[in-house]
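>>> Generate coordinates for the sequence data below:
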Amino acid sequence: MFALVGVGLLLICQINQCLSSGDEPRHLDELSSERVSSNSLYTFDYIYESGLNYYTKGKWHEAVQLLLSSVQDYFWFKKQVLQCRKECRSSEQATPGGGVRLSRQLYTSLFLGLTDQRSLELTSVLQLFKRAECIQRCKRLLFGSRPEKVTADIREAFETLLPLNYLQHAFYKSGDLRSAAIYAYTLALRHRNDTEIQKAISFYIENGGINSNELRDLLVPKHEVFYFDAVKAYQNDMFEEAIPLFESSVKELFTQFEECLDWCESEVNAGDSQPELILTLAQNWFHVVECQRTCERKSMQLGGEEDESLLANIYHHLQFAAWKASKLKKACRYASDYLLLRPDDEVMKKNKNYYLGLEGITEDLMKPSENLVEYLNIIRMLKAISDMQLDLAGQEDEERDPSQDALVVLENKALNGSDRFVADGLANRVSCGQLMRLVKDAGRPGDGYNGTHRPFTETEIFRGISIGRALKVALMGKTSLALVDAFIGLAERSRQFVQDYFRLPELYFSFAHTVCREALKNDNPESMKLSHPVHSDNCILKSDGTCLREPPAFVHRDYSAILYLNEDFDGGEFFFAHPNGTEQATIKPMCGRLVAFKNGVGNLHGVRAVQGGQRCAMALWFTVNESQRDKEEELVHRALIQREEIDFDDLIQATSYYETASVETRDKSADEPPRDTSADEQPRDSSSESKDEL
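A predicted model of the protein is given here:
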């Protein structure tokens, strides 16, 4: 602790004037061009820890300076790493500062004309080593002896912008409400369901004399700036000016996508290695691909919010703007680009046919842009690799059905109660990992709790996904159906096991939810006793120990179960309790362990706080009343188990109860794709002559 304080004092003396707490907040991309300190030991993770130390002590000015410095150094470091990987991506490019290149003569003597598998593999290995040497040399020149490795917790903290949350509060405490509001706004755009940050912004505006128009995004990407400038020009019929702006927006989108792919490769933490070389390589690459599959949605955003139609919108605007500007060759290419993304769009098909009917326009001019083709190929390849891994995992899972090995290990007597049991072996490591990946890919903070990130305690972040929403996001292409299959497979396996144990004629799902709770740093252990207070799942526990079975309690939930997915965390134990809150029996979570019980005052229960790491589990509630069966689960069961065709609108309606409305901070009307509503054969604007609707 003393060392951190010493580093903090020394760093504060070195901080640039631009980081003073009273100055106007700068775009974080500007900060990335400046290194905080030439001392290689002062890395963003070290500075961050020092800043948090001052934060917990209430020394707000020092905390602001150090947290700003950590953010600056993180973005500077990330920018340098990405630059190295960009320069070294192709073995044909010269390595920074020189480097070993394979001579053409040596290459010819070794590999020319060899087509056997081993030779081709060795060629790839050689290219890999050349790229590795390039990256190593580049980093050595930039970083010297600077440590690069950071803990997974620190890396994730910066990826999720947690330092900005500390910053907005530290600014507020130091009296700079304007900066607090701007940092809170930047954070809120990327955490739209966080009601606490929304409340903070409202407080800063009301108490700091701040106009909401003064709020700005410190992380606004370049493509967004070009995009809105282009839309403005387009709406004013300035088509010549709009075209290069839209084109620049597309270029920046693809740049961000490439940088995201490279950043995923910059640090791999695949866990234990396999004894087999090929399996080790496959394992590491799977973790890279798992990260890279998120790059599409991370890149295609406006106002901090994912916009899956953004690229198609831009190409639609481009084809019409090019037509109006009499740039027919561009109009043809952009029409083809749009059709590559929306092949069933009848309006654009008519536009394409119109172009082909013009003199001098041939099929050769209708070829889509190479960068778009490459982008889509990468997305398809990443999905294919991911699906292949899931297929392999599924084969392993099918070869050995975990439920066949499931065994009841604790019953009423050992658990000091009645109508309760603990069973092990309901899931294996592969299945547990698949559900944890599903939460990571598609889970939402506060899911099922009105977007509240910390619905039970301020010391944990809560993230989850329901079984219906899992299918919905899979059908939208944002996660794999194999993961949803794993979800409903484990849920159904658990339901059947509970039904058989309690000898029930039929048990129906009331709700199925896979959730992860992650501990936040807290210097007050007394505030971290319980993650979920003692309660019943179908009645309201009163202070006198009685439990009222009436709304708003879910009175129809007759049985409950929790299937745990991991054990690599501290705390988080489940316990049964007496009405006065004292514990009857405690269960330690582990992958494949199922805790089940009949609901009511006889099976009150709670959860101890997660002290460190992340605790993941599938929470299941059941009913014996078929009329109370969960509509989400029923639709998913029909789609994936019975292989019936379901209406997507029905799925949206079924999941709407747990959906939370986003806070809109921009006019979405500017993003609507042009849609020709006329029967005229000429290319038309989407708004049917009214650009106010664009």
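
>>> switch to C-alpha atoms for all contacts and neighbour counts from now on
OK.

>>> For K57, give its distance to A63.
9 Å (CA to CA, to the nearest Å).

>>> And the helices in the stretch 551-694 of the chain, which stretches?
Remark: helices assigned in the stretch 551-694 of the chain by DSSP state H, counting those that start in this stretch are 631-640, 648-655.

>>> For stretch 289-302, buried residues please.
Within stretch 289-302, the residues that count as buried by 16 or more other CA atoms under 10 Å are 289-296, 298-302.

>>> Could you find the lowest-pLDDT member of those residues?
Among the buried residues of stretch 289-302, E290 carries the lowest pLDDT, at 77.

>>> what sits against that one?
By CA atoms under 8 Å, 6 or more residues apart in numbering, the contact list for E290 reads S386.

>>> Spell out the secondary structure type for it.
Three-state call for E290 (DSSP: H, G, I helix; E, B strand; the rest coil): helix.

>>> Sketch out the low-pLDDT regions of the stretch 401-550 of the chain for me.
For the stretch 401-550 of the chain, the stretches with pLDDT under 70 are 401-404, 446-459, 476-478, 521-528.

>>> now the spatially most central residue of the chain: how far from T294?
Centre of the chain computed as the mean C-alpha position; nearest residue by CA atoms, centre = their mean is D441, 5.4 Å away. Counting by CA to CA, the gap from D441 to T294 is 7 Å.

>>> Residues in contact with both of these two, list them for me.
The contact sets of D441 and T294 do not overlap (CA under 8 Å, 6+ apart).

>>> And the buried residues of stretch 289-302, which two are furthest apart?
V289 and L302 (24.2 Å; CA to CA).

>>> F509 sits in which helix or strand?
Secondary structure from DSSP states H and E places F509 in strand 508-519.

>>> what does that strand contact?
Identification of contacts with strand 508-519 by CA under 8 Å, 6+ apart yields 435-436, 439, 443, 459-467, 491, 495, 557, 609-626, 628-630, 632-633.

>>> And the helices in the stretch 201-350 of the chain, which stretches?
Under DSSP H, counting those that start in this stretch, the stretch 201-350 of the chain gives helices at 222-235, 239-265, 277-292, 295-299, 310-324, 328-341, 346-356.

>>> Please state the offset of the third one from the chain centre?
Think helix 277-292. Chain-centre distance of helix 277-292: 19 Å, with CA atoms, centre = their mean, to the nearest Å.

>>> Can you give me the buried ones in it?
Residues of helix 277-292 classed as buried: Q283, N284, W285, F286, H287, V288, V289, E290, C291, Q292 (neighbour count, 16+ other CA under 10 Å).

>>> Output these as JSON lines; include the columns distance to L161.
Putting those into JSON lines (distance: CA to CA, whole Å) gives the following:
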{"residue": "Q283", "distance to L161": "28"}
{"residue": "N284", "distance to L161": "26"}
{"residue": "W285", "distance to L161": "26"}
{"residue": "F286", "distance to L161": "25"}
{"residue": "H287", "distance to L161": "22"}
{"residue": "V288", "distance to L161": "21"}
{"residue": "V289", "distance to L161": "22"}
{"residue": "E290", "distance to L161": "20"}
{"residue": "C291", "distance to L161": "17"}
{"residue": "Q292", "distance to L161": "19"}
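
>>> Determine the number of other residues adjacent to G613.
Residues near G613, counting by other CA atoms under 10 Å, number 16.

>>> quick one, what contacts it?
G613 is in contact with E518, A519, D568, F569, D570, counting by CA under 8 Å, 6+ apart.

>>> what do you get if the cut-off is 10 Å, keeping everything else the same?
By CA atoms under 10 Å, 6 or more residues apart in numbering, the contact set of G613 is D153, R517, E518, A519, L520, E567, D568, F569, D570, G571, G572.

>>> which residues touch the last one?
By that I understand G572. Contacts for G572 were tallied using CA under 10 Å, 6+ apart; they are 517-519, 529-532, 587-589, 606-616.

>>> Against H535, how distant is it?
G572 is 16 Å from H535, by CA to CA.

>>> what's the following helix or strand after the strand holding F509?
Using DSSP H and E, the helix or strand that follows strand 508-519 towards the C-terminus is strand 530-535.
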